[in-house]
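Q: No letters, just coordinates:
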């Protein structure tokens, strides 16, 4: 029997099964992220599970503890199952124990049409190429293995049966982004849904794209900030509810629009929560933010369209955490944690987005602060002047010209005469730290940013600036990169600040924050101040 005939009969089975009514599944508490270990380049890592065990524990500890993520979306591959089915199921069991130990449940994905349709190899792993987004990610099944539909019934039924009553499993996802070229993928999706539901697991069975005959929940993906379009898809079938299993990426350098950065997504999701309380939307969907947890060998820190050998990005396009377990953005971390847990740890936070939820859901692009040339922006009067002593000050900035200067004052007093001044010169590609007081100014340190792999300070996109204050110690970070974590002989090292100074001479007392521009206007996407214990 060829797969067209098989597909007919399995489709008929699904239609019969689908006549049963499924209770509405509330996904509103799902706040998650995709996960591949940072040192793995694709989903075939399951075959060598034990070599990643320590890494998994450390990375998932941060995901659950720091970010408040309570859900993971994990990709499987039939090649691993066919090589050793018992081993894969055992490894899944071990992974579930690790994930739930850190407060996270897991949704598993069986098939995927994305990226490489040939080249998967269990014993000769693909090596990532600098700049090539998901260059090693393997479609499943591979094109050479698409000889039959029925071949994959044991893959689904054995795995689902093994965990059908396991509360550690959040959902079963049959197919990620099936390709509409040809009918094999959609036939396999339909068949897979029938096989999985016939086992009668306690977990929902879902599938891309959006609402379809092979999903119990609307399964939505979006990589933009056109929120009316999001709303249309999410609420396309209120009886099923929805989950956004891929929710955006950051605004990548060289592009004119935001791809759905984490702070935009959190603002959107928070707006939906408020509208639900007001009875204006029927439910709040679950969400998986910014594709994946780790900046690693999957290379999704680069955009889909970057050519090979592209330098490191100013800020990673995807992911949340570098291999040394440092967050890409402490601001995003705290915002996600606040959304997931309800616990607010900000001393100060401004993302310059509208607060009215009705306005937010009608946004079609990001919003930000623009400070015109030779102007000052300050936290006062909303924040007490003495709040910022020890802590983390973080912001992202985008110079609107190839020349111009930007200044971040921290611990600045009411007169504006005393404080630590972090200066950036985009034309000179330089960073410096001054101590300014009524007694005069002194240079504490400088850094040539042009030597950075990302190119230093750029007018092509957002740049990250972070200042960590601890007593007399001032650390300044500019555009931290994955490459900063790469030590000798494949070791992982901690990201170091671009400037690190200990000012033991009359350390400046707690104060506020000011932003100053000179000779050009600058965009500011967000400003936050967080307690030092975050660092």
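A: That came through, no problem. Keep in mind it's a predicted model, so treat the numbers as computed, not measured. Residues are numbered from 1 along each chain as shown.
Q: May I have the beta-bridge partners of residue 419?
A: For residue 419, the beta-bridge partners are residue 436 (DSSP bridges).
Q: residues contacting it?
A: Listed by C-beta atoms under 8 Å, 6 or more residues apart in numbering, the contact set of residue 419 reads 409, 410, 411, 412, 413, 436, 508, 511, 514. Where you see a C-beta, it was placed from the backbone N, CA and C, and this is true even at glycine.
Q: Can you report phi and psi for the fifth one?
A: Going back to what we said before, that points to residue 413. phi -90, psi 180 (degrees, to the nearest 10).
Q: how deep is it tucked in, by neighbour count?
A: Number of residues near residue 413 (other C-beta atoms under 10 Å) recorded here: 18.
Q: same thing with the last one?
A: If you count neighbours by other C-beta under 10 Å, residue 514 ends up with 18.
Q: one step back: which among the contacts of residue 419 count as buried?
A: The neighbour-count test (16 or more other C-beta atoms under 10 Å) applied to the contacts of residue 419 identifies 409, 410, 411, 412, 413, 436, 508, 511, 514 as buried.
Q: In strands, which of those residues fall?
A: 409, 410, 411, 412, 436, 514 (DSSP state E).
Q: okay, the residues you listed in TSV with pLDDT and distance to residue 55 next?
A: Shown next, in TSV, are those (pLDDT from 0 to 100; distance: C-beta to C-beta, whole Å):
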residue	pLDDT	distance to residue 55
409	94	40
410	94	35
411	92	38
412	90	42
436	94	44
514	93	41
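Q: And the helices in the stretch 201-350 of the chain, which stretches?
A: For the stretch 201-350 of the chain, applying DSSP state H, counting those that start in this stretch gives helices covering 227-234, 262-277, 330-341.
Q: about what we covered before: now the buried ones among the contacts of residue 419 in TSV, with distance to residue 96?
A: TSV is the format used below for these (distance: C-beta to C-beta, whole Å):
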residue	distance to residue 96
409	49
410	44
411	47
412	50
413	54
436	55
508	50
511	49
514	49
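Q: What is the burial count for the nearest residue to residue 301 once chain neighbours are set aside?
A: Residue nearest to residue 301 in three dimensions, not counting chain neighbours: residue 316, with 3.5 Å by C-beta to C-beta, 6 or more residues apart in numbering. Counted by other C-beta under 10 Å, the residues lying close to residue 316 total 25.
Q: deepest of the helices of the stretch 201-350 of the chain, which one?
A: A comparison of the helices of the stretch 201-350 of the chain by mean neighbour count, using mean count of other C-beta atoms under 10 Å, puts helix 330-341 on top with a mean of 22.
Q: Please state the offset of that one from the chain centre?
A: 12 Å (C-alpha atoms, centre = their mean, to the nearest Å).
Q: try stretch 128-139
A: Offset of stretch 128-139 from its chain centre (C-alpha atoms, centre = their mean): 17 Å.
Q: Distance across that stretch, terminal residue to terminal residue?
A: 16 Å (C-alpha to C-alpha, to the nearest Å).
Q: and if you look at stretch 246-261?
A: Stretch 246-261 has an end-to-end distance of 12 Å (criterion: C-alpha to C-alpha).
Q: For the residue located most distally from the centre of the chain, give its distance to residue 514.
A: Residue farthest from the centre of the chain, counting by C-alpha atoms, centre = their mean, is residue 439 at 45.4 Å. According to C-beta to C-beta, to the nearest Å, residue 439 and residue 514 sit 19 Å apart.
Q: now residue 182
A: Distance from residue 182 to residue 514, by C-beta to C-beta: 59 Å.
Q: hmm, back to that, so which of the buried ones among the contacts of residue 419 is the closest to residue 244?
A: Nearest to residue 244 out of the buried ones among the contacts of residue 419 is residue 410 (C-beta to C-beta; 36.5 Å).
Q: ok, the closest one - contacts?
A: Residue 410 sits in contact with 388, 393, 419, 420, 422, 467, 469, 474, 511, 513, where contact means C-beta under 8 Å, 6+ apart.
Q: so the fifth one is in which element?
A: Following DSSP states H and E, the helix or strand that holds residue 422 is strand 419-425.
Q: Show me the beta-bridge partners of the residue nearest to residue 420 when sequence neighbours are not counted.
A: Spatial nearest neighbour of residue 420, excluding adjacent residues (C-beta to C-beta, 6+ apart): residue 410 at 5.1 Å. Beta bridges link residue 410 to residue 420, residue 513 when assigned by DSSP bridges.
Q: Pull the distance from stretch 193-204 to the chain's centre.
A: Worked out by C-alpha atoms, centre = their mean, stretch 193-204 lies 29 Å from the chain centre.
Q: Quick check: buried residues in that stretch?
A: 193, 194, 195, 196, 197, 198, 199, 201, 203, 204.
Q: surely residue 253 meets residue 459?
A: No: in this structure, residue 253 is not within contact of residue 459 by C-beta atoms under 8 Å, at 9.6 Å.
Q: Looking at those two, which is more packed in?
A: Counted by other C-beta under 10 Å, residue 253 and residue 459 do not tie: residue 253 has more neighbours, with 20 against 17.
Q: which residue sits closest to the more buried one, ignoring its sequence neighbours?
A: Nearest residue to residue 253, sequence neighbours excluded (C-beta to C-beta, 6+ apart): residue 461, at 2.8 Å.
Q: measure the one you found to residue 395 for me?
A: Distance check for residue 461 against residue 395: by C-beta to C-beta, it reads 14 Å.
Q: Looking at the two, which has the bigger crowd around it?
A: Remark: of residue 461 and residue 395, residue 395 carries more neighbours, 24 against 18, as counted by other C-beta under 10 Å.
Q: Would you double-check that the more buried one falls in a strand?
A: Yes: assessed by DSSP: H, G, I helix; E, B strand; the rest coil, residue 395 belongs to a strand.
Q: surely it meets residue 524?
A: Yes: contact criterion C-beta under 8 Å: residue 395 and residue 524 qualify, at 5.9 Å.
Q: Please enumerate the shared neighbours of the two.
A: residue 515.
Q: check contacts around residue 208.
A: Each residue near residue 208 by C-beta under 8 Å, 6+ apart is listed here: 173, 175, 176, 177, 178, 215, 219, 221, 245.
Q: Please repeat the previous calculation with a cut-off of 6 Å.
A: By C-beta atoms under 6 Å, 6 or more residues apart in numbering, the contact set of residue 208 is 176, 177, 219.
Q: Nearest residue to the middle of the chain?
A: Short answer for the chain (C-alpha atoms, centre = their mean): residue 290, at 2.9 Å.
Q: And the residue lying closest to that one once chain neighbours are set aside, how close does it get to residue 22?
A: In space, and not counting its chain neighbours, residue 290 is closest to residue 262: 5.1 Å by C-beta to C-beta, 6+ apart. Look at residue 262 and residue 22: by C-beta to C-beta, they are 31 Å apart.
Q: Show the contacting residues for residue 120.
A: 79, 138, 142.
Q: so the residue nearest to it when sequence neighbours are not counted bridges to which residues?
A: Once flanking residues are discounted, residue 120 sits nearest to residue 138: 4.1 Å by C-beta to C-beta, 6+ apart. Per DSSP bridges, the residues bridged to residue 138 are residue 116.
Q: Following the chain onward from the helix or strand of the chain with the lowest mean pLDDT, which element is next?
A: Ranked by mean pLDDT, DSSP states H and E, the helix or strand of the chain with the weakest confidence is helix 3-18, at a mean of 48. Scanning forward in sequence from helix 3-18 by DSSP H and E, the next helix or strand is strand 31-34.
Q: Give me the distance from the following helix or strand past that following strand to the chain's centre.
A: Next along the chain after strand 31-34, taking DSSP H and E as the criterion, comes helix 53-65. Distance, stretch centre to chain centre, for helix 53-65: 16 Å (C-alpha atoms, centre = their mean).
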